[in-house]
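Student: quick one, what's the 3D model for this:
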Amino acid sequence: MQVCLGASHTPDGTAVSAATCTTGLPFRRPRARRRPSRITPAASGSGGQHSRRHRTPSQDRCEQEGKHMQSAEQQDHRDGSQVRIVLMTVFLAYMGQMILNPIIAPLSREMGLEEWHIGATISLAAITLACLSQFWGRRSQIVGPKRIFVVSMCIGSFALVSFAVLSWLGIRGVWAGNGVVIGVVLTRGLLYGAGISAIFPTTQTYFVTHAKSENQRVKLLGAAGAAQGLATIIGGVLGGALAAAGGLLLPLSVMPSLMIIGVLVVAFFFKPEGVTSRVEHPKKIAYRDPRVFPYLIAGFILFLAFSSVQTLLGFAIQDRFGLDSSATAGITSAVMVVLSVSMVAMQGGIVPRLHWNSQRLLRNGLLLTTIGMACFLPSSSYILLFAGSAVSGFGIGMAIPGYNTGPTMELSRDEQGSVAGLINANNGVTYAIAPILSTSVYGWNSAVPFFAIVVLIACATAFSFLHPLLRNKERAAEPAQGDPCES
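Tutor: Below you'll find the model as predicted:
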């Protein structure tokens, strides 16, 4: 068959187009064979290079954001595990202290000590805590929290072991007189106060410098307070149960064991960031710094009232209801459990779900505390007594996260260790003052200290609603923006 490639003429002179051949049939071009498309693994996995050319910038951005979100989720998971380790450390450290509370009175009598000896020991521990808190807070920013946790808990463990040995010698009559008094004051007062004073400032500094928002700071510091409150509840119950099962010396041997477990947990499992997260020269802030002073005033009154109520409730319950020692101990324990459980529930459960800023938490917490403390005014009603415990616990549990978080929002990163220590010292001073002051006034008139507590808390509440720093800076949440990846 011939194929005409160009125009030609027939014998009669008629032109024939290029689309015809000499046979007179029209020319048909052969169809090109289609080669099977080869899809490379890279192209099939990502839509091919052709689809890449047609990807929009929004799609590319979404892909990058997806990768960042995945890495952020991994980092959040790691941070969450570190937070749990720190909370466990707080719990173990303070439970080692709280186990002693239910046995301190009978233990002191078995050792031949007078009541004021124990009061002086507790006050010295509180004063030591107040003096060293700022040092530990700043030091944790220089050398890192892990080293501070280990050193402080080793000091606390040594103090509790020494106190247990001293108690055994005192109960057996091997060591008596002024030597026992001095030994108790030095071990349980000075040495233990020096160790335990580092726990909360280091915890607060670590949480605050790693939180990404005010709400996250509130949540983390509330969880730390809840861990401390839970240690108070479980430690008190455990101390009484151990004493009932094995005598007064059994709780004394468990106390340092819990601290040692805490040391091991931190040493092997706590892995904070490296030197990049440290501060070479942390700043020191003054107590009367106007950025934090209003918070410290409100917090001082709050803890002064709280520690006074803790000291006085046992006396008041026995006097108002005419109970014997055994019944008084049972009712007082129940009231304090209600108070502590309410605080833990508020700090650990309710506050994180409120999403309130620190000022609002502090104001409303003080208001609730005022109402709760008013229920402790002289009366013969068990209902008011337990209602006051619950409402006061909710109020204190709401106010404390606001009080702890508020000053941190006013300061820079290199000042966080100092303010954490300052807050802890502020609280410690109240525990040195309140037991002596409240019991002295109660001995003069049993009603006056409770009226004074209500007046003080009411003044702190009014102060929190009127002071510009505590009422004006309502930090609204950042407006949510549409996520193009979700479209």
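Student: could you check how far the closest residue in space to residue 432 that isn't next to it in sequence is from residue 97?
Tutor: Nearest residue to residue 432, sequence neighbours excluded (CB to CB, 6 or more residues apart in numbering): residue 126, at 3.9 Å. Backbone N, C-alpha and C define where each C-beta goes, glycine included. Remark: distance between residue 126 and residue 97 (CB to CB, to the nearest Å) = 12 Å.
Student: swap in residue 342?
Tutor: Distance from residue 342 to residue 97, by CB to CB: 21 Å.
Student: which stretches of the chain have low pLDDT?
Tutor: 1-79, 273-277, 472-487 (pLDDT under 70).
Student: quick check: domain ranges of it?
Tutor: 79-270, 284-472 (automatic domain parsing).
Student: relative to residue 278, which of these is closest?
Tutor: Minimum separation from residue 278 across the domains of the chain (CB to CB) falls at domain 79-270, 5.8 Å.
Student: mind giving me CSV with the domains of the chain and columns for distance to residue 278 and mean neighbour count?
Tutor: Output for these, formatted as CSV (distance: least, CB to CB, whole Å; neighbours: other CB atoms under 10 Å):
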stretch, distance to residue 278, mean neighbour count
domain 79-270, 6, 20
domain 284-472, 10, 20
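Student: what about the helices in the stretch 101-250 of the chain?
Tutor: 104-110, 115-143, 145-172, 178-184, 192-196, 199-210, 214-246, 249-269 (DSSP state H, counting those that start in this stretch).
Student: name the helices or strands packed onto the longest one?
Tutor: Helix 214-246 makes packing contacts with helix 57-98, helix 199-210, helix 249-269, helix 325-345, helix 351-354, helix 358-374, helix 382-405 when contacts are defined by 3 or more CB pairs under 8 Å, 6 or more residues apart in numbering; DSSP states H and E.
Student: what's the angle from it to helix 358-374?
Tutor: 40 degrees (axes from the mean of the first three to the mean of the last three CA atoms, to 10 degrees).
Student: starting at the chain centroid, how far to helix 214-246?
Tutor: Offset of helix 214-246 from its chain centre (CA atoms, centre = their mean, to the nearest Å): 12 Å.
Student: go on, the shortest one?
Tutor: If you compare the mean C-alpha spot of helix 192-196 with that of the full chain, they lie 20 Å apart, counting by CA atoms, centre = their mean.
Student: please begin residue numbering at 22 from this point
Tutor: Will do, 22 is the new start, and the previous item becomes helix 213-217.
Student: for it, give me every contacting residue.
Tutor: Helix 213-217 is contacted by residues 114-115, 118, 145-150, 153, 173-181, 184 when judged by CB atoms under 8 Å, 6 or more residues apart in numbering.
Student: quick check: angle from the host helix or strand of residue 456 to helix 220-231?
Tutor: Counting by DSSP states H and E, the element that carries residue 456 is helix 437-465. Following the same axes, to 10 degrees, one obtains 140 degrees for the angle between helix 437-465 and helix 220-231.
Student: the residue nearest to residue 413 when sequence neighbours are not counted and residue 291, how far apart?
Tutor: Spatial nearest neighbour of residue 413, excluding adjacent residues (CB to CB, 6+ apart): residue 393 at 3.1 Å. Distance, residue 393 to residue 291, using CB to CB: 37 Å.
Student: what's near enough to touch residue 256?
Tutor: Here residue 256 is in contact with 115, 116, 117, 118, 119, 120, 122 (criterion: CB under 8 Å, 6+ apart).
Student: ok, so of those residues, who is nearest residue 232?
Tutor: Using CB to CB, residue 115 is the member of the contacts of residue 256 that lies nearest residue 232, at 21.7 Å.
Student: relative to residue 280, how far out is the closest residue to the closest one other than its chain neighbours?
Tutor: Closest residue to residue 115 apart from its sequence neighbours, by CB to CB, 6+ apart: residue 252 at 3.9 Å. Look at residue 252 and residue 280: by CB to CB, they are 12 Å apart.
Student: identify the contacts common to these two.
Tutor: Taking CB under 8 Å, 6+ apart as the contact rule, residue 252 and residue 280 both touch 113, 114.
Student: the helices and strands packed on helix 235-267: which one's closest to residue 203?
Tutor: Of the helices and strands packed on helix 235-267, the one closest to residue 203 (CB to CB) turns out to be helix 270-290, at 18.5 Å.
Student: now do that closest one and helix 220-231, the angle between them.
Tutor: Using the same axes, to 10 degrees: helix 270-290 against helix 220-231 is 30 degrees.
Student: using PDB, list the CA coordinates for helix 270-290.
Tutor: Taking C-alpha atoms only, helix 270-290 is exported to PDB below (Å, rounded to 0.1, in the frame of the first residue of the first chain):
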ATOM      1  CA  LEU A 270       8.600   3.700 116.900                       C
ATOM      2  CA  LEU A 271       7.100   2.000 113.800                       C
ATOM      3  CA  PRO A 272       6.000   5.300 112.200                       C
ATOM      4  CA  LEU A 273       9.400   6.800 113.000                       C
ATOM      5  CA  SER A 274      11.100   4.100 111.000                       C
ATOM      6  CA  VAL A 275       8.700   4.500 108.100                       C
ATOM      7  CA  MET A 276       9.200   8.300 107.800                       C
ATOM      8  CA  PRO A 277      12.800   8.300 106.600                       C
ATOM      9  CA  SER A 278      12.000   5.300 104.400                       C
ATOM     10  CA  LEU A 279       9.500   7.300 102.400                       C
ATOM     11  CA  MET A 280      12.000  10.100 102.000                       C
ATOM     12  CA  ILE A 281      14.700   7.700 100.700                       C
ATOM     13  CA  ILE A 282      12.200   6.300  98.200                       C
ATOM     14  CA  GLY A 283      11.700   9.800  97.000                       C
ATOM     15  CA  VAL A 284      15.400  10.300  96.600                       C
ATOM     16  CA  LEU A 285      15.600   7.100  94.400                       C
ATOM     17  CA  VAL A 286      12.600   8.100  92.300                       C
ATOM     18  CA  VAL A 287      14.200  11.500  91.500                       C
ATOM     19  CA  ALA A 288      17.700  10.100  91.000                       C
ATOM     20  CA  PHE A 289      16.700   7.400  88.500                       C
ATOM     21  CA  PHE A 290      13.500   8.700  86.800                       C
END
